[in-house]
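Student: Below is the structure, and that's it, no one-letter string:
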């Protein structure tokens, strides 16, 4: 086989090796051996350079040699800058004896062939460095042919290196895309502001940086919320810097509402807690200079905070601005969502409080209590309401209701229904008339929603019992927990409110004995559903019976808690109103009206 055919086969094998290589150094055997097999070639030397003319390493192999000589170094050679190629590979030829040691570190190996000349090819690998491939040849060598072979070899090396870089970039992009996706899932999984901020910090370390600080923008400036670091000791230093370091506070103030990531290093970190040998700048990997980046967190046109990353890693492992900007925008949106949820939650709870009585009245002989459980995780204001109203005749009226749906319209109807019924009952209107007048008011308002309600008046009798008068508008029937633990159901029924214009409601009577408790509730209690489809309604009598002898507060709170724990599905609110009759009041023997007058006189 001729020399050209041997070279063609070697070049083919080199291309195959290049397609599999994960680093350029893996091609050395497939490069050096074919070149040394070329007639007239005695030595092959390869060098790798950083862009500042610093020799990174050198590899030399001689014809007939058993093993290459590898020199790993970081030697600065300013004279070699003259050899650095600007663009395309450059092939040069020179006598070995004429080589300057300050420019050609390869000379110490090439001179082993006295009288030889050198054919060299210098080429760029990437923007951060370049390389050279040199051969020492004698007078019998075809210098032009060898120059072509060097050029062909360099083409393979450059293509291999470019492919490795591209695959590495693709892998990093894939990893960062996966990190962004996971970050979004993690940050969006909580609607608590501080928990969201802590998740932002934890996700970033160590995948993005060695340390991370998150600040929330308040009215009086940035407020430190979360920090994390790969080293526990550095974590404490980072937290201290985040809370009250003046340099960092000034930096965050200067950043204002800037959108893009800013990187700081070297002199720009002087006076900062990140400057070596400062505490935050001397963590794992301290041999690398500290770099700090700051991103403003902006969502929906407003600044919500900032995120600061602290890096102790090689420059080529620093994330790019586009990645940091994308991570910051996702974090900002998650934080803003949590802030909006917190604002909404505060607003809804405030509105819900105003739709319900701030406290129930204290009435002699009665133990009154209520419980309200919000069922909607999105915290839309619900339509459940209740109240207890002392009446002019000495009786007490209990009312509970449920407006269909949630939101602002339901809240408006809730307020209308509760205050209308309360006003009418305070004036002495009987339950049936009160419900009819509420229905008429709803129809006149053109309300698009219906509601259910039940009104019970409780009038003590001279024998120590209580007469119950109940009217219901499509509401779940109240239950009575008797003193002996038995459960009774108050018979009641009637059409929903807000459906037809002219509706009347019939009254049903029952009674309470001392120690009995009347329990009113909304359908959120009975319709709480277990995973197997069982409704709480089916176990309610047994659960209520088990509470015999309990006071009103324990009955209300226990039933609400049990329904919540029972619930695997269903998001309706749960309202409970419990009235326990303890027997005749201290004013025994007086009529209900006389009792009220006596209480008023005592006040």
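Tutor: Thanks, I have the structure now. Since this is a predicted model, take the numbers as computed values, not measurements.

Student: Going along the chain, name the helices of the stretch 101-250 of the chain.
Tutor: Here the stretch 101-250 of the chain has its helices, by DSSP state H, counting those that start in this stretch, at 107-110, 143-188, 193-204, 232-244, 246-255.

Student: closest to residue 125 out of these?
Tutor: helix 143-188 (5.0 Å; CB to CB). From N, CA and C alone the C-beta is placed, and that goes for glycine too.

Student: Report the mean confidence score over stretch 198-212.
Tutor: Throughout stretch 198-212, pLDDT has a mean value of 82.

Student: next one: stretch 448-465
Tutor: Stretch 448-465 carries an average pLDDT of 93.

Student: when you give positions from now on, start the count at 346
Tutor: Shifting the count to begin at 346 puts that one at stretch 793-810.

Student: Could you check it and say which residues are buried?
Tutor: For stretch 793-810, a neighbour-count test (16 or more other CB atoms under 10 Å) marks 794-805, 810 as buried.

Student: do stretch 827-846 as well
Tutor: 832-833, 835, 837, 839-843.

Student: Kindly report the same for stretch 695-705.
Tutor: Residues 697, 700-702, 705 are the ones in stretch 695-705 that count as buried (16+ other CB under 10 Å).

Student: With secondary structure added, can I get those residues in a markdown table?
Tutor: Output for the buried residues of stretch 695-705, formatted as a markdown table (DSSP: H, G, I helix; E, B strand; the rest coil):
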| residue | secondary structure |
| --- | --- |
| 697 | helix |
| 700 | helix |
| 701 | coil |
| 702 | coil |
| 705 | coil |
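
Student: What is the neighbour count of the residue nearest to residue 468 when sequence neighbours are not counted?
Tutor: Nearest residue to residue 468, sequence neighbours excluded (CB to CB, 6 or more residues apart in numbering): residue 434, at 3.8 Å. Using other CB atoms under 10 Å, the number of residues around residue 434 comes to 19.

Student: Out of the buried residues of stretch 827-846, which is nearest to residue 718?
Tutor: Of those, the one sitting nearest to residue 718 (CB to CB) turns out to be residue 832, at 21.6 Å.

Student: which residues touch that closest one?
Tutor: Taking CB atoms under 8 Å, 6 or more residues apart in numbering as the criterion, residue 832 is in contact with 824-826, 886, 889-890.

Student: Filter the residues you listed down to the ones in helices?
Tutor: Among the contacts of residue 832, the members found in helices (DSSP state H) are 886, 889-890.

Student: Let's see if you can find the most crowded of those.
Tutor: Highest neighbour count within the ones in helices among the contacts of residue 832, by other CB under 10 Å: residue 889, with 21 neighbours.

Student: can you pull the contacts of that one?
Tutor: 824, 826, 832, 864, 900, 904.

Student: how much space between the residue nearest to residue 468 and residue 428?
Tutor: Using CB to CB, to the nearest Å, we find residue 434 at a distance of 12 Å from residue 428.

Student: hmm, which helix or strand of this protein has the shakiest average pLDDT?
Tutor: Least confident helix or strand, the chain: helix 937-947 with a mean of 44, by mean pLDDT, DSSP states H and E.

Student: now residue 440, nearest residue through space, not along the chain?
Tutor: Nearest residue to residue 440, sequence neighbours excluded (CB to CB, 6+ apart): residue 462, at 5.1 Å.
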